[in-house]
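Asks: model this:
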Amino acid sequence: MLESIPVIDGVHAATDIPDQMMADPVLMRRVFVNLVLNAVQAMPQGGTLTISASAPDGSVVIKVSDTGMGIPEGMKNKLFRPLMTSKVKGTGLGLAVVKRIFDAHSGQITFESKVGKRTTFTITLPG
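Replies: The predicted structure follows:
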């Protein structure tokens, strides 16, 4: 999946994801493309993109982390709203669509972010 996404020079991508996941593969690709592109764009000077997964209690938990600029406090409570963007060329639909995809799969998406340090999106799908 990562091979089809343009990565900025200086961004190192590391993945550790199991081969099987019970979810629509087309929709999951859309989710990961969105999260990875957002992460790469948050690291214009380079950094580390990490994607990892675990399967506690039969569910699947995947984390997409970057060492980018973080999400400003004023944006955090609006992040999954349609048409909300801080990007010049953004539509503001990406994370809203991601959230709807997880809602449709009875899943959950959360995030933690520290301005100037990192952001981690955690997605959970029931087993």
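
Asks: which stretches of the chain form strands?
Replies: Per DSSP state E, the chain carries strands over the ranges 11-16, 47-54, 60-66, 108-114, 118-125.

Asks: tell me the most buried of those?
Replies: strand 60-66 (a mean of 21; mean count of other C-beta atoms under 10 Å). Placement of C-beta: from N, CA and C, glycine included.

Asks: ok, it: who's next to it in the sheet?
Replies: Applying DSSP bridges to the sheet, strand 60-66 is found paired with strand 47-54 (antiparallel), strand 118-125 (antiparallel).

Asks: which residues are in contact with it?
Replies: Contacts to strand 60-66, defined as C-beta atoms under 8 Å, 6 or more residues apart in numbering, come from residues 17-18, 21-22, 32, 35-36, 39-40, 42-43, 47-55, 118-125, 127.

Asks: Quick one: work out the angle between it and strand 108-114.
Replies: Strand 60-66 runs at 30 degrees relative to strand 108-114, counting by axes from the mean of the first three to the mean of the last three C-alpha atoms, to 10 degrees.

Asks: Quick one: mean pLDDT for strand 60-66?
Replies: For strand 60-66, the mean pLDDT works out to 92.

Asks: so how far is it from its chain's centroid?
Replies: Computed by C-alpha atoms, centre = their mean, to the nearest Å, the chain-centroid distance of strand 60-66 equals 7 Å.

Asks: Renumber starting at 7 from here on
Replies: Will do, 7 is the new start, and the previous item becomes strand 66-72.

Asks: In JSON lines: the strands paired with strand 66-72, plus distance to Glu118 and mean pLDDT.
Replies: JSON lines is the format used below for those (distance: least, C-beta to C-beta, whole Å; pLDDT from 0 to 100):
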{"stretch": "strand 53-60", "distance to Glu118": "13", "mean pLDDT": "90"}
{"stretch": "strand 124-131", "distance to Glu118": "5", "mean pLDDT": "94"}
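
Asks: I'd like those written out as TSV, with distance to Lys84 added.
Replies: As requested, the strands paired with strand 66-72 are exported to TSV (distance: least, C-beta to C-beta, whole Å):
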stretch	distance to Lys84
strand 53-60	24
strand 124-131	15
